[in-house]
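> pasting the sequence and the predicted model now:
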Amino acid sequence: MARDTTDLTPISSMDDLVDHLRSGEKPEAAFRIGTEHEKFGFYRDTLAPVPYEGERGIEAVLKGMQARSGWEPILDEGRLIGLAGTAGGGAISLEPGGQFELSGAPLETIFETCAESNRHLAEVKAVASPLGVEFLGIGSSPLWRLDDTPRMPKSRYDIMRRYMPKVGTRGLDMMFRTSTIQVNLDFSTEADMARKMRVGMRLQPVASALFANSPFTEGQPNGMVSWRCGVWEDVDNQRSGLLPFVFEEGFGYRDYAEWALDVPMYFVIRDGRYIDATAITFRQFLDGAYADRLGGQPPSMGDWTNHLSTLFPDVRLKRFIEMRGADGGPWREICALPAFWVGLLYDADTLAAVDSLTKDWTFEEVSILRAAVPRTGFATPFRDGTVLDLAREAVRLSREGLAKRARLNEEGFDETVFLSPLEEALARGRTPAEELLRLHSERWNGEIAPLFRHLAY
């Protein structure tokens, strides 16, 4: 999760909000790739989750990472809750249940973003292993109950923890017991943004099947391939899920801004203090609500930036586009997720082909897919076929797009090498979750402990 901002530039009109989104436009030559991944910390000897405090806690891991990297500390009321890389070098942050997140720097190739993730994992291991701490790449915590899960001392999460049960039944599960891989991608024009948002929304359930990796809860199979995606069905439907207006021709920045204005806020920050603002929408905030609590300071662009970061649609628009449908997973999938989307969206011909392929998919059809995929994965029916058929075609097109990009490493390989784990899953006809279930049944004698050894970085 990005660092909250305190930019106090006043908002003068709706155009300021729209122009903030528009300011993300870049020429195609400047397109970059930002990969984010989360992982669960656990103690090697007991498999217990890692709390924030203590000589072997998450804070100790952060301090060790700071000493090793020289990155700047991110503090919340004096507590170390993250690290910011120098010269735009990404950030390390904490999710609510202690999920340790790398928000990668904007990089040019999948080779670079994959190498960045691998360096990070190696550095985390070097710091955490002497503490008896390891990290697990999976989409949801496979063993711990919600009450067992630690709480990280971040002010925004205190507000969310109080608010989530008021607007859905699964918000706390989302916060404390799920983990994801995301990729942040650029756009060149409003039309390019709209096409990428539409394609991303249509194909997000397909990506969720390809990266389905959360079949265990509290030590047992949970009957799903992506428990994490199932959780998102009832987190806070005002701010999450599919957005029907994105499917419409003519969708643009203003449509997204108008939607965001009517979503309740989480907080505003003044003088380093988080003020709970869950009782009002951003539109009400602009109209003067809470003015008496802000000491006369008007709504600011920092407030807008922070608000955009608290919206959770399957594809999120800020000054870049975030793909949010994938479960967390092992290191190969950290590299495969950006490769999949870059192949589809960063080559103009491939993007046009994907748009044409999915152009007549309706909001209602994709909504049905989104609801079914967490349970039935590749077997989910769609028209005359299944999601497995859709995934094969999507990965084939992604491979074409990556090959056309022709970004080569020193050995002369292009970025298509990063699609291997997806192609292996398609060849098996099983999602990653189903492969874990097979191992659990056939090799691990129904025990959950071997899963930790299998998926620890």
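Perfect, thanks for sending it.

> now the residue nearest the centre of the chain. Nearest residue, chain neighbours left out?
Centroid-nearest residue in the chain, with Cα atoms, centre = their mean: Gln182, separated by 3.9 Å. Computed as Cβ to Cβ, 6 or more residues apart in numbering, the closest residue to Gln182 that is not its neighbour in sequence is Glu36, at 4.4 Å. C-beta: built from backbone N, CA, C; applies to glycine.

> just confirm that neighbour contacts Ser103, I think it does.
Yes - contact status for Glu36 versus Ser103: in contact at 4.9 Å, counting by Cβ atoms under 8 Å.

> more crowded one of these two?
Taking neighbours as other Cβ atoms under 10 Å, Glu36 and Ser103 compare with Glu36 leading, 24 against 21.

> please identify the buried residues of the helix or strand where that one lies?
For Glu36, the element it lies in under DSSP states H and E is strand 33-43. By 16 or more other Cβ atoms under 10 Å, the buried positions in strand 33-43 come out as 33-42.

> tell me which of those is nearest to Ile269?
Nearest to Ile269 among these is Glu36, at 22.0 Å by Cβ to Cβ.

> gap between the closest one and Asn184?
With the distance defined as Cβ to Cβ, to the nearest Å, Glu36 ends up 7 Å from Asn184.

> just to revisit the earlier point, closest to Glu59 among the buried residues of strand 33-43?
Nearest to Glu59 among the buried residues of strand 33-43, with distances taken as Cβ to Cβ, is Gly41, at 11.4 Å.

> in contact with the closest one, which residues are there?
Counting by Cβ atoms under 8 Å, 6 or more residues apart in numbering, Gly41 touches 49-50, 58, 61, 98-100, 128, 133-136.

> equivalent analysis for Thr178, please.
Taking Cβ under 8 Å, 6+ apart, we find Thr178 in contact with 139-141, 214, 227-228, 231, 328.

> same thing but at 6 Å, please
Shown in contact with Thr178 (Cβ atoms under 6 Å, 6 or more residues apart in numbering): 140, 228, 231.

> what does Glu411 give?
Shown in contact with Glu411 (Cβ under 6 Å, 6+ apart): no residues.

> secondary structure class for it?
Per DSSP: H, G, I helix; E, B strand; the rest coil, the secondary structure class of Glu411 is coil.

> same deal with Leu80?
Following three-state DSSP, we place Leu80 in the strand state.

> one step back: of all the buried residues of strand 33-43, which comes closest to Leu344?
Distances from Leu344 to these, taken by Cβ to Cβ, are shortest for Ile33, at 12.7 Å.

> gap between that closest one and Lys26?
12 Å.

> average pLDDT for stretch 5-16?
The pLDDT scores in stretch 5-16 average 90.

> apologies, that question was intended for stretch 426-440.
Regarding stretch 426-440, the rounded mean pLDDT is 98.

> same deal with stretch 40-58?
For stretch 40-58, the mean per-residue pLDDT is 98.

> what about that stretch, start to end distance?
Distance across stretch 40-58, first residue to last, is 11 Å (Cα to Cα, to the nearest Å).

> how far off centre is it?
With Cα atoms, centre = their mean, to the nearest Å as the basis, stretch 40-58 stands 23 Å off its chain's centre.

> follow-up on the earlier one: in TSV, list the contacts of Gly41 along with neighbour count, distance to Ile269 and secondary structure.
Shown next, in TSV, are these (neighbours: other Cβ atoms under 10 Å; distance: Cβ to Cβ, whole Å; DSSP: H, G, I helix; E, B strand; the rest coil):
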residue	neighbour count	distance to Ile269	secondary structure
Pro49	22	29	strand
Val50	25	28	coil
Ile58	25	23	helix
Val61	23	26	helix
Gly98	24	23	coil
Gln99	28	23	coil
Phe100	25	24	strand
Ala128	23	31	helix
Val133	22	31	strand
Glu134	22	34	strand
Phe135	22	30	strand
Leu136	24	32	strand
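
> which of those sits closest to Gly89?
Within the contacts of Gly41, the smallest distance to Gly89 is 16.9 Å, found for Phe100 (Cβ to Cβ).

> which non-adjacent residue is nearest the closest one?
Spatial nearest neighbour of Phe100, excluding adjacent residues (Cβ to Cβ, 6+ apart): Lys39 at 5.5 Å.

> distance check, the one you found against Phe135.
Look at Lys39 and Phe135: by Cβ to Cβ, they are 4 Å apart.

> in three-state terms, label Lys26 for me.
Classification of Lys26 by three-state DSSP places it in coil.

> around the spatially closest residue to it that is not a sequence neighbour, count how many other residues there are.
Among residues not flanking Lys26 along the chain, Asp186 sits closest, at 4.9 Å (Cβ to Cβ, 6+ apart). For Asp186, the neighbour count with other Cβ under 10 Å is 23.
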